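Undergrad: Attaching a predicted model along with its sequence, questions to come.
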Amino acid sequence: MTPFVANLLLALVWLVITGGFSLANLIFGFILGAASLYLIREQVGAGGYFRRGRKVGSLILFLIYDLAVSAWRIAIVVMRPKMGLKPGVFLYRHKVGSEFEIALLSNLVGLTPGTLIFDISDDERTLFVHAFDCSDPDARRREIAEGFERRILELSR
């Protein structure tokens, strides 16, 4: 049994024991189950489960941070009397390998305000990205590589 399934079962047992079938109680039971598994992680071989959990948490926190920063940038640009924008398209050659990783990278980049993935090359190695402000495409490429792509690679490898 995988540690995640064991954690879910512990959360469901918590729901049955307390008799409170609510989302908040399920989340509390999941956290309580994770804490229990953490205490016996070496005996049940769940060390990788917690390392991966930290990496997923890091990716989610970075997404929230990037959403806030991108929204702030767009708000600043829109509030200026004269928008000095240079919208455009740039190509981003990614390093992720599987279809899931490509889809995750495309969706995360496309979620951030000011960017849109509108195509993937036939060999699935290049993303076509439309940027709200593409005055420095190399900086945009670096942001993607050092942000989402690095965290996706850490999570999957």
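TA: Arrived safely, thanks for sending.

Undergrad: Would you map the helices across this structure?
TA: Counting by DSSP state H, one finds helices in the chain at the ranges 3-18, 23-39, 41-44, 47-79, 99-111, 137-144, 150-156.

Undergrad: for stretch 133-151, which positions count as buried?
TA: Neighbour counts over stretch 133-151 (16 or more other C-beta atoms under 10 Å) mark Asp133, Cys134, Pro137, Arg140, Arg141, Glu143, Ile144, Gly147, Phe148, Glu149, Arg151 as buried. Any C-beta I mention is one placed from the backbone N, CA and C, and that applies to glycine too.

Undergrad: Please apply the same query to stretch 150-157.
TA: For stretch 150-157, using 16+ other C-beta under 10 Å, the buried residues are Arg151, Ile152, Leu153, Leu155.

Undergrad: Residues contacting the helix-or-strand element of the chain with minimal mean pLDDT from elsewhere in the structure, which ones?
TA: Least confident helix or strand, the chain: helix 41-44 with a mean of 76, by mean pLDDT, DSSP states H and E. For helix 41-44, the external contacting residues (C-beta atoms under 8 Å, 6 or more residues apart in numbering) are Pro3, Ala6, Leu37, Gly47, Tyr49, Phe50.

Undergrad: Just among these, which is most surrounded?
TA: Counting neighbours by other C-beta atoms under 10 Å, Pro3 comes out on top of the contacts of helix 41-44 with 21 neighbours.

Undergrad: so that one makes contact with Ala46?
TA: Yes: with contact defined as C-beta atoms under 8 Å, Pro3 reaches Ala46; the gap is 3.8 Å.

Undergrad: Please write out the alpha-carbon positions of stretch 106-120 in CSV.
TA: The C-alpha coordinates for stretch 106-120 follow below in CSV (Å, rounded to 0.1, in the frame of the first residue of the first chain):
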residue,chain,number,x,y,z
SER,A,106,2.1,24.7,-20.4
ASN,A,107,-0.8,25.1,-18.0
LEU,A,108,1.2,26.7,-15.2
VAL,A,109,2.8,29.2,-17.6
GLY,A,110,-0.6,29.9,-19.3
LEU,A,111,-2.2,30.4,-15.9
THR,A,112,0.0,33.4,-15.0
PRO,A,113,-1.5,36.7,-16.2
GLY,A,114,0.2,38.1,-19.3
THR,A,115,1.2,34.8,-20.9
LEU,A,116,-0.5,32.3,-23.1
ILE,A,117,0.7,29.1,-24.6
PHE,A,118,-0.9,28.8,-27.9
ASP,A,119,0.9,25.9,-29.6
ILE,A,120,3.4,23.2,-29.1
